[in-house]
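[1] could you work out the structure for the sequence below:
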Amino acid sequence: GTNGMIPAKATTYMEAACKLNTDLEIHPFAFRTHTHALGRVVSGWKVSPGMEWSLIGKKDPQLPQMFYPIDDSTMTLRRGDTIAARCTMVSYRDRITWVGATAEDEMCNFYMMYWVDGQEKL
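    Purely as a prediction, here's the structure:
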């Protein structure tokens, strides 16, 4: 996840990533974004071991919070791929905003719904 702070009256980018360590093939089909008041754009990406970036989903987190379908219904994620997320935060505040759980704080969340073949769970 993300951590840290957003300076007053500034645009800041928050990023997080995780490398897949499973033999299951993941089939994403929907995504949702979430920030508090300062978030303007949240995007989620598949990054292949060869550094090829493919968009999973991108949305304004101030729009209704619901799951939206991904554009590429044939996309799969495999061992060695990385899931990366980026949030654009624009602060109009006169103070530092810390990452945290309250409305006075900020967060950068990218949720992904997916399915896998078989009975094994991730």
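[2] surely G4 and G100 touch.
    No. Using CB atoms under 8 Å, G4 makes no contact with G100, being 10.6 Å away. C-betas here are computed from N, CA, C, even on glycine.
[3] does the residue positioned nearest the centre of the chain sit in a helix, a strand or a coil?
    For the chain, the residue nearest the mean C-alpha position is F110 (2.8 Å; CA atoms, centre = their mean). Counting by DSSP: H, G, I helix; E, B strand; the rest coil, the backbone at F110 sits in strand.
[4] surely it and W45 touch.
    No. Using CB under 8 Å, F110 is not in contact with W45, being 9.1 Å away.
[5] show me whatever sits in contact with both of these two.
    I56, A85 (CB atoms under 8 Å, 6 or more residues apart in numbering).
[6] so which bits of stretch 101-108 are buried?
    E106, M107, C108 (16 or more other CB atoms under 10 Å).
[7] distance between that stretch and the chain's centre?
    Offset of stretch 101-108 from its chain centre (CA atoms, centre = their mean, to the nearest Å): 15 Å.
[8] likewise for stretch 22-35?
    10 Å.
[9] neighbours around V41, how many?
    17 (other CB atoms under 10 Å).
[10] of G4 and G100, who's got more company?
    The residue with more neighbours, out of G4 and G100, is G100; 13 against 10, by other CB under 10 Å.
[11] which regions of the chain sit below the pLDDT cut-off?
    1 (pLDDT under 70).
[12] for the protein, which segments count as strands?
    5-6, 11-19, 27-34, 39-47, 53-59, 68-69, 82-90, 97-98, 109-115 (DSSP state E).
[13] which helices and strands does the third one pack with?
    Strand 27-34 is packed against strand 39-47, strand 53-59, strand 68-69, strand 109-115, with contacts defined by 3 or more CB pairs under 8 Å, 6 or more residues apart in numbering; DSSP states H and E.
[14] direction included, what does that strand pair up with?
    If you go by DSSP bridges, strand 27-34 pairs up with strand 68-69 (antiparallel), strand 109-115 (antiparallel).
[15] one more: the second one?
    Strand 11-19 has the following sheet partners, assigned by DSSP bridges: strand 82-90 (antiparallel).
[16] with only the CA atoms kept, save the partner strand in PDB.
    Coordinates of each C-alpha in strand 82-90 appear next as PDB, following Å, rounded to 0.1, in the frame of the first residue of the first chain:
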ATOM      1  CA  THR A  82       3.200  -7.100 -11.400                       C
ATOM      2  CA  ILE A  83       0.000  -5.300 -10.600                       C
ATOM      3  CA  ALA A  84       0.800  -1.500 -10.200                       C
ATOM      4  CA  ALA A  85      -1.500   1.300  -9.100                       C
ATOM      5  CA  ARG A  86      -1.100   5.000  -9.300                       C
ATOM      6  CA  CYS A  87      -3.200   7.900  -7.800                       C
ATOM      7  CA  THR A  88      -3.000  11.500  -8.700                       C
ATOM      8  CA  MET A  89      -3.700  13.700  -5.600                       C
ATOM      9  CA  VAL A  90      -4.400  17.400  -5.900                       C
END
